[in-house]
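# Fold the following and give me the result.
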Amino acid sequence: MGHDAFARHGLGSSALMIIGALHIRPAQTAGELVGTASVSRATAYRTLRHLADHGLVHHSGETWTLAPHALEGFGNDSLNTDTGHATQLARGWDEVARRHGTVGLAARRKALHALERVAYREALDQRAEHRSPAEVIVRDGRQVLVPAPRPDEIPSAWHVPGGRVRDPATGRTAPDWRVATDGRLILATPADQRSYDELAAAHAEALSEWESTA
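Have a look, this model is predicted:
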C-alpha cells in the first residue's frame with residue numbers, strides 16, 4: 001500500500017485490494033470480488049478495467065484472474081480475450097507510478113507526517129510549560145500523581161450542601177456562586193433565574209432598542 005503506484009491518483013487502494021483478493025482466490029467474478037475485496041460493485045468493475053488496461057488481470061467469460069507476474073507489477077495482454085481493447089502493459093510498479101505521475105508521493109506524505117508529529121510534540125511541550133506542577137502523594141507505599149487543580153475547580157472545604165459555595169474569606173455562603181455537577185465553579189446571577197416570560201420580555205425589549213438605534 002505504501003508504493004506510489006497505489007496512490008490516490010494512481011491505481012488506488014481498491015486495485016491493491018482486488019489484486020490481493022485474486023491472489024488468495026483466483027478466478028473470481030466481479031460480483032464475488034465485491035465481497036472478497038470489500039469494494040462496491042461499481043468500484044470492482046472500474047478497477048478491473050483499469051488493471052486490465054495495464055495487462056495485470058485477464059478475464060475469461062465472467063471470471064477474472066491475475067496475470068502471471070502481476071504481483072511484481074508486470075502485465076501480460078496475451079491472455080485477454082478482449083483483444084479489441086487497447087492496453088499499455090505495466091513494466092513494474094515503479095513504471096506504473098511514473099505513468100500516473102505519482103512518483104514520490106509516499107516519500108512526501110511520510111515527510112509531511114514526520115513534520116506534523118514534530119509540530120504536535122512541540123505544541124504539547126509548550127502547553128506543558130504553562131501547566132502547574134502536579135502533586136505527588138504516597139499511598140500504600142506507592143507514589144500517586146495528583147494533577148494540579150484547574151482554575152475553575154474548588155476545594156471540597158468550600159462546598160456547602162445544596163450546591164452552594166462557602167466564601168473562604170468570610171466563611172459565609174456566596175449568593176451568586178454554585179457548584180456544578182462535575183465539581184466546577186459556576187456563577188449564577190439573579191438574571192439566570194428569570195422565567196420564560198421574563199426572558200421573552202427582555203428579548204423583546206432588547207430587539208426594540210436595537211431597531212430604534214438602527
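
# List the contacts of Ser38.
Met17 (C-beta atoms under 8 Å, 6 or more residues apart in numbering). Heads up, the C-betas are built off the backbone N, CA and C, glycines and all.

# wait, Ala90
For Ala90, the contact set (C-beta under 8 Å, 6+ apart) comprises 54-56, 73-75, 96.

# Arg164 against Thr173, yeah?
Yes. Counting by C-beta atoms under 8 Å, Thr173 is a contact partner of Arg164 at 5.0 Å.

# can you give me how far the longest helix along the chain is from the chain middle?
Taking DSSP state H as the criterion, the chain has its longest helix at helix 105-129. When distances are taken as C-alpha atoms, centre = their mean, to the nearest Å, helix 105-129 is centred 16 Å away from the chain's centroid.

# can you list the weak-confidence ranges in this structure?
1-2, 78-87, 126-134, 145-154, 182, 188-193, 196, 213-214 (pLDDT under 70).

# hmm, back to that, for the contacts of Ala90, which one is nearest Ala180?
Nearest to Ala180 among these is Val96, at 59.4 Å by C-beta to C-beta.

# Now do Gly92 against Leu56, distance only.
According to C-beta to C-beta, to the nearest Å, Gly92 and Leu56 sit 11 Å apart.

# just Val103 next, same as before
According to C-beta to C-beta, Val103 stands 18 Å off from Leu56.

# Settle it for me: which of the two has more neighbours?
Neighbours were counted for Val103 and for Leu56 using other C-beta atoms under 10 Å; Leu56 has more, 28 against 17.
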